[in-house]
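> Just the structure for this:
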Amino acid sequence: MIARIVKQTLGVLATGYILFYYSELVFWARVKPTDNLSEWAGTWLAYSLLAFVFLAVVARFRVHTVWALFLAGAVFGWMTEGIVVQTTYEDLPLSLSFTGLAWHALISVWVGWYAVRRALFSGLKATLLVSAIIGLAYGLWAISWWVEPGEIPASPLKFTQYAILSTLLLVFAYWLYDHTIPRFFAPNRFVVIAAGILFLLYFAFIAVPAAPLASVLLPVLFLLIYLALHRNSKRETREPLHQCFSRTDQVWRYLGLLLLPVTAVLVYAAAFYLGARWYTNWLLYLLTTPAGFILFFVSLIKVWRMKAATNETIN
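Below is the predicted model:
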């Protein structure tokens, strides 16, 4: 019993780091002047609590398709940006998508939690391909901070240290995830309730006073997701995605993830020495912000109209 609890806890911490990596470390793409190890550790623990809720949603509502997963990702994204911080309400309606849907649900969950794990399961070739694509996007995003007022670009050496060290921890997190979550994660009902109460209290006493509109907007959004996922749980008979794509027999395949920081560093260094100053952030905003809205509504429709499924491939 104790061993199982320990393995579940380690798995949740690993999931928390995976989400922390894509949501924070890739997003900021450099060491900010105010950053320190204790702040990073605290943020990682906060993401681990969010990761527990995310995994509990995936398990409870039998999330198996990518459409149901996007809705689970929306829960994670809007909890992060609508409860823990209040950026969801800062520039409505666009702030509903960026960053809750456009980054957290789309990039952190769909790409970081789902696509990378599926690539790892498929083999080294798929892992290298996905890592290279993410690394290219990472490098192009990282250089967008150079055009911010007062920003001093980090040297390629500093970015290399940042990207490689954080990704080495990511590689370990994926390995640890595969050895814990698929076999041992089974959310205790009382722990789920306790986590829900904690976030509800934070929402009531921190988020709502800071952004009163949250008291109406966020419950409506979560109600839409709940209705769709509840219907999903009644019709879905396949295993939830947190139990899929687990391979523990070929450790070497995780090394393919190191192409991610290598690609990002090559892009970053080339732009640095060429003196490039590109507004790549605007390109990402223009692509992902509408994509977040579109994917959210398509996911609602797809999940709501889903027929009972058994022994079908993931789609």
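> Could I get the contacting residues of the one residue sitting closest to the centre of the chain?
Note on the chain: the residue nearest the mean C-alpha position is S108, at 2.4 Å, using Cα atoms, centre = their mean. Going by Cβ atoms under 8 Å, 6 or more residues apart in numbering, S108 touches L19, Y22, S23, G73, F76, G77. C-beta here means a position set from N, CA and C on the backbone, and glycine is covered the same way.
> now swap in Y273 and tell me
Contacts of Y273 (Cβ under 8 Å, 6+ apart): P156.
> where's it relative to Y162, distance?
Going from Y273 to Y162 by Cβ to Cβ, to the nearest Å gives 18 Å.
> same check, this time on L300
Distance of L300 to Y162, given as Cβ to Cβ: 38 Å.
> Next: W103.
19 Å.
> ok, which stretches of the chain are helices?
For the chain, applying DSSP state H gives helices covering 2-20, 26-28, 37-60, 66-79, 116-122, 124-142, 156-178, 181-184, 189-202, 208-210, 214-235, 259-274, 280-304.
> any idea of the pLDDT on L37?
Listed pLDDT for L37 reads 92.
> whoops, P209 was the one
96.
> what about it, distance to Q86?
10 Å.
> Ok, W175 next?
W175 is 35 Å from Q86, by Cβ to Cβ.
> same check, this time on V191
26 Å.
> which one of the two has more residues nearby?
Q86 (19 against 13; other Cβ atoms under 10 Å).
> Phi, psi for the more buried one please.
phi -120, psi 30 (degrees, to the nearest 10).
> So, low pLDDT: which residues of the protein?
Low-confidence segments of the chain (pLDDT under 70): 308-315.
> Buried deepest among the helices of the chain, which one?
A comparison of the helices of the chain by mean neighbour count, using mean count of other Cβ atoms under 10 Å, puts helix 66-79 on top with a mean of 26.
> now the angle from it to helix 214-235?
Here the directions of helix 66-79 and helix 214-235 differ by 160 degrees (axes from the mean of the first three to the mean of the last three Cα atoms, to 10 degrees).
> what's near enough to touch the closest residue to Q86 other than its chain neighbours?
The shortest distance from Q86 to any non-neighbouring residue, by Cβ to Cβ, 6 or more residues apart in numbering, is to A211 (4.4 Å). Listed by Cβ under 8 Å, 6+ apart, the contact set of A211 reads Q86, T88, Y89.
> want to try JSON lines for those residues, with distance to F61 as columns?
Converted to JSON lines, those look like this (distance: Cβ to Cβ, whole Å):
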{"residue": "Q86", "distance to F61": "26"}
{"residue": "T88", "distance to F61": "22"}
{"residue": "Y89", "distance to F61": "26"}
